[in-house]
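Novice: coords below, sequence missing:
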């Protein structure tokens, strides 16, 4: 079965007024769960914002299927920490596209948020102020917000940020199940290769400093020589009990 292509970049150059990446081509299809990995500042978020249409390509094309919905969960630290809103109110913001002419939430919008809070184990936190939650709790609220939007394309920037080891693993496993259940296109952005490689079916290795941009099935890109080129250090990956483990050696290749 050939899945529907949702968003495509064709020979695109990416950046903020000045080229950072490209020219490159990239396609996100329904059922894809991409892991976008690379060092800090390598261009991962620039790629995501271009795919979502938040940042126009400097050259080339961005093509998007008509009628699809996109949702973006930014890194938690990029949000105002003094939000005077409850956790539920923050998540309800994900439903704004369905509020209708007068811009007020309906009962159906509240039910959708309640459903996602239940799925993510947040129901007991609904009335608490968002700013008083722990980092991991805030991150789960932001995930609930984008899921409540019922997107076709879901982009999450560092989705396990602020969580402990078990909490981060639970969220990533949840997202893998979500991809199988709802058949959306998902993009996970992280500088933690072991996190996304444990759940993604496709990888994008990106480092604008070295001009690296390579995409493909996860198993093809988890080769030592490719990872060594990505990080500039000798890297070895192995899998144990369904989870990928990464060893980075101090010496340069």
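Specialist: Thanks, I have it. Values in this document were obtained by computation on a predicted structure and should not be read as measured data.

Novice: what comes up buried for the helix or strand harbouring residue 195?
Specialist: For residue 195, the element it lies in under DSSP states H and E is helix 193-197. Going by neighbour count (16 or more other Cβ atoms under 10 Å), the buried part of helix 193-197 is 193, 195-197. Heads up, the C-betas are built off the backbone N, CA and C, glycines and all.

Novice: what do you get for stretch 108-116?
Specialist: Applying 16+ other Cβ under 10 Å to stretch 108-116 flags 109, 112-114, 116 as buried.

Novice: Show me where the stretch 1-150 of the chain has its helices.
Specialist: Here the stretch 1-150 of the chain has its helices, by DSSP state H, counting those that start in this stretch, at 44-52, 87-92, 107-119, 135-148.

Novice: re earlier: now the buried residues of stretch 108-116 in TSV, with pLDDT and distance to residue 38?
Specialist: Converted to TSV, the buried residues of stretch 108-116 look like this (pLDDT from 0 to 100; distance: Cβ to Cβ, whole Å):
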residue	pLDDT	distance to residue 38
109	91	36
112	94	34
113	95	33
114	96	37
116	93	30
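
Novice: Helices of the stretch 151-253 of the chain, residue ranges please.
Specialist: 165-182, 193-197, 218-221, 224-231.

Novice: tell me the most buried of those?
Specialist: helix 193-197 (a mean of 23; mean count of other Cβ atoms under 10 Å).

Novice: who does it touch, helix- and strand-wise?
Specialist: Judged by 3 or more Cβ pairs under 8 Å, 6 or more residues apart in numbering; DSSP states H and E, the packing partners of helix 193-197 are strand 33-37, helix 165-182, strand 185-190, strand 235-240, strand 243-248.

Novice: so who does residue 117 touch?
Specialist: 88, 91, 123, 125-126, 144 (Cβ atoms under 8 Å, 6 or more residues apart in numbering).

Novice: so how many other residues sit close to the closest residue to it other than its chain neighbours?
Specialist: Leaving aside its sequence neighbours, residue 117 sits nearest to residue 123 (Cβ to Cβ, 6 or more residues apart in numbering; 5.0 Å). As a burial measure, residue 123 scores 13 neighbours (other Cβ atoms under 10 Å).

Novice: Could you list everything the residue nearest the centre of the chain pairs with in the sheet?
Specialist: Centroid-nearest residue in the chain: residue 156, 2.3 Å away (criterion: Cα atoms, centre = their mean). As for beta bridges, residue 156 partners with residue 73, residue 188 under DSSP bridges.

Novice: Distance check, it against residue 23.
Specialist: Shown here: residue 156 relative to residue 23, a distance of 26 Å by Cβ to Cβ, to the nearest Å.

Novice: same deal with residue 129?
Specialist: 46 Å.

Novice: Likewise for residue 237?
Specialist: For residue 237 relative to residue 23 (Cβ to Cβ), the value is 29 Å.

Novice: Repeat that for residue 158.
Specialist: Residue 158 is 27 Å from residue 23, by Cβ to Cβ.

Novice: Look at these two and report which has more neighbours.
Specialist: residue 158 (22 against 16).

Novice: Next, the more buried one: phi, psi?
Specialist: phi 50, psi 60 (degrees, to the nearest 10).

Novice: Wait, it touches residue 48, no?
Specialist: No: in this structure, residue 158 is not within contact of residue 48 by Cβ atoms under 8 Å, at 10.9 Å.

Novice: ok, back up a step: want to throw the helices and strands packed on helix 193-197 into JSON lines with mean pLDDT and distance to residue 97?
Specialist: As requested, the helices and strands packed on helix 193-197 are exported to JSON lines (pLDDT from 0 to 100; distance: least, Cβ to Cβ, whole Å):
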{"stretch": "strand 33-37", "mean pLDDT": "92", "distance to residue 97": "24"}
{"stretch": "helix 165-182", "mean pLDDT": "72", "distance to residue 97": "17"}
{"stretch": "strand 185-190", "mean pLDDT": "90", "distance to residue 97": "18"}
{"stretch": "strand 235-240", "mean pLDDT": "73", "distance to residue 97": "40"}
{"stretch": "strand 243-248", "mean pLDDT": "70", "distance to residue 97": "36"}
